[in-house]
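J.: pasting a predicted model and its sequence here:
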Amino acid sequence: MINISLEHYLILSVILFSIGLYGVLAKRNAIVILMSIEIMLNAVNIAMVAFSRYIVPLLLTGQVFAIFIMVVAAAEAAVGLAIIIAIYRSRETIDVTEINLMKW
Amino acid sequence: MGLEIAFWILAIVGIAAALAVVLLRDVFRAALCLILCFLAVAGIFITLSADFLAAVQVLIYVGAISILIILGIMLTREVQRGSPSNRLRIPAFIVAIFFLGVVAFIMINTQWPVAGIPPQEPTTSALGVRLFGEGGFILPLEIVPVLLLAAILGAIVLVREK
């Protein structure tokens, strides 16, 4: 079994990010899109903490960034779900292919 | 040795759970798999010796955001229709694979300036000093509560009954 290095964590992070990217681009349910965005933010957090652990272990800058990303993710989830519920109330659907009021 | 085994198990569980989130048709099961993915990421943080972040991950993501998402699923009653893919499924798959290939190639071929020193543990007090201490992050830390307050007020305004 080989030693775990920085590259392992970065590859894990980019795999999770790609899965989230696929979910955001290919899904129709707005809540599933929001869940995919959360996966992408988690992937970025893994990369940040891995950089912090391997490159500047004594400064912890990456972990500070991860904390701020978590705060923004929480705010984004709250506002995003509020928007989805408001859309559902007025249009009875959360299918993003049918929400085309602002499409030109 | 134990760290390697933990990393591989957590990585496989996390990737499988994330794949289940985007592939399952049942939205509620996808949300449960999302919780599993968050827990795997918390374990990954522990293997990176970021203990405070692992606890925060469990508290915020597993505790709060997953509850919000499940509440959103319950309030929108889209469970019967599931989570089908749209017409862009194949192009989205190609874009994701292309992104994965390019970024993985760059990451493997870059010479990272890895420092050979072991990480410091526990990180909680060190993080507090880093955030609040001299030359720290006082200004962002003061802006973040304003952002949270604005987000909470915005959410309340958006979902309020007219």
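T.: Thanks, I have the structure now.
J.: what about the longest helix in chain A?
T.: In chain A, with assignment by DSSP state H, the single longest helix is helix A:61-91.
J.: so what secondary structure elements neighbour that helix?
T.: helix A:30-54, helix B:51-57, helix B:66-76, helix B:124-132, helix B:138-159 (3 or more Cβ pairs under 8 Å, 6 or more residues apart in numbering or on different chains; DSSP states H and E). All C-beta spots, glycine's among them, are computed from the backbone N, C-alpha and C.
J.: doesn't A:Asn100 belong to a helix?
T.: No - residue state for A:Asn100 (DSSP: H, G, I helix; E, B strand; the rest coil) corresponds to coil; a helix is not indicated.
J.: how far away is it from chain B?
T.: 12 Å (Cβ to the nearest Cβ, to the nearest Å).
J.: for that residue, give its distance to A:Arg91.
T.: From A:Asn100 across to A:Arg91, the span is 10 Å (Cβ to Cβ, to the nearest Å).
J.: comparing these two, which shows the higher neighbour count?
T.: Shown here are A:Asn100 and A:Arg91; by other Cβ atoms under 10 Å in any protein chain shown, A:Arg91 has more neighbours (12 against 8).
J.: so what's the more buried one up against?
T.: A:Glu98, A:Ile99 (Cβ atoms under 8 Å, 6 or more residues apart in numbering or on different chains).
J.: and if you look at B:Gln57?
T.: B:Gln57 neighbours (Cβ under 8 Å, 6+ apart): A:Asn45, A:Met70, B:Phe38, B:Val41, B:Ala42, B:Phe45.
J.: columns distance to B:Arg81, neighbour count and pLDDT on top of those residues, output as JSON lines?
T.: What follows is these, written out as JSON lines (distance: Cβ to Cβ, whole Å; neighbours: other Cβ atoms under 10 Å in any protein chain shown; pLDDT from 0 to 100):
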{"residue": "A:Asn45", "distance to B:Arg81": "31", "neighbour count": "27", "pLDDT": "95"}
{"residue": "A:Met70", "distance to B:Arg81": "31", "neighbour count": "20", "pLDDT": "93"}
{"residue": "B:Phe38", "distance to B:Arg81": "25", "neighbour count": "22", "pLDDT": "95"}
{"residue": "B:Val41", "distance to B:Arg81": "29", "neighbour count": "29", "pLDDT": "95"}
{"residue": "B:Ala42", "distance to B:Arg81": "32", "neighbour count": "22", "pLDDT": "95"}
{"residue": "B:Phe45", "distance to B:Arg81": "35", "neighbour count": "27", "pLDDT": "94"}
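J.: closest one to B:Glu161 out of those, please.
T.: A:Met70 (30.8 Å; Cβ to Cβ).
J.: pretty sure that closest one is touching B:Ala64, no?
T.: No - counting by Cβ atoms under 8 Å, A:Met70 stays clear of B:Ala64, with 10.3 Å between them.
J.: ok, and the closest non-adjacent residue to A:Leu60?
T.: Using Cβ to Cβ, 6 or more residues apart in numbering or on different chains and skipping residues adjacent in sequence, the residue nearest A:Leu60 is B:Arg130, 5.1 Å away.
J.: count of neighbours near that neighbour?
T.: Burial of B:Arg130, expressed as a neighbour count using other Cβ under 10 Å, amounts to 18.
J.: so it sits right up against A:Val56, yeah?
T.: No - taking contacts as Cβ under 8 Å, B:Arg130 lies outside contact range of A:Val56: 10.9 Å.
J.: the residue most central in space within chain B: helix or strand, and which one exactly?
T.: Taking Cα atoms, centre = their mean, the centroid of chain B lies closest to B:Phe38, which sits 6.0 Å from it. Using DSSP states H and E, the element containing B:Phe38 is helix B:27-47.
J.: check which residues of that helix are buried.
T.: B:27, B:30-47 (16 or more other Cβ atoms under 10 Å in any protein chain shown).
J.: just the CA trace of that helix, in PDB.
T.: Below are the C-alpha coordinates for helix B:27-47, written out as PDB (Å, rounded to 0.1, in the frame of the first residue of the first chain):
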ATOM      1  CA  VAL B  27     -34.900  12.500  -4.600                       C
ATOM      2  CA  PHE B  28     -35.200  11.500  -0.900                       C
ATOM      3  CA  ARG B  29     -32.700   8.600  -1.300                       C
ATOM      4  CA  ALA B  30     -30.400  11.000  -3.100                       C
ATOM      5  CA  ALA B  31     -30.600  13.300   0.000                       C
ATOM      6  CA  LEU B  32     -29.700  10.400   2.300                       C
ATOM      7  CA  CYS B  33     -26.700   9.600   0.100                       C
ATOM      8  CA  LEU B  34     -25.700  13.200   0.300                       C
ATOM      9  CA  ILE B  35     -25.600  12.900   4.100                       C
ATOM     10  CA  LEU B  36     -23.300   9.900   3.700                       C
ATOM     11  CA  CYS B  37     -21.100  11.900   1.400                       C
ATOM     12  CA  PHE B  38     -20.900  14.700   3.900                       C
ATOM     13  CA  LEU B  39     -19.900  12.200   6.600                       C
ATOM     14  CA  ALA B  40     -17.200  10.700   4.400                       C
ATOM     15  CA  VAL B  41     -15.800  14.200   3.800                       C
ATOM     16  CA  ALA B  42     -15.700  14.700   7.600                       C
ATOM     17  CA  GLY B  43     -13.700  11.600   7.900                       C
ATOM     18  CA  ILE B  44     -11.300  12.800   5.100                       C
ATOM     19  CA  PHE B  45     -10.800  16.000   7.200                       C
ATOM     20  CA  ILE B  46      -9.900  13.800  10.200                       C
ATOM     21  CA  THR B  47      -7.200  12.000   8.100                       C
END
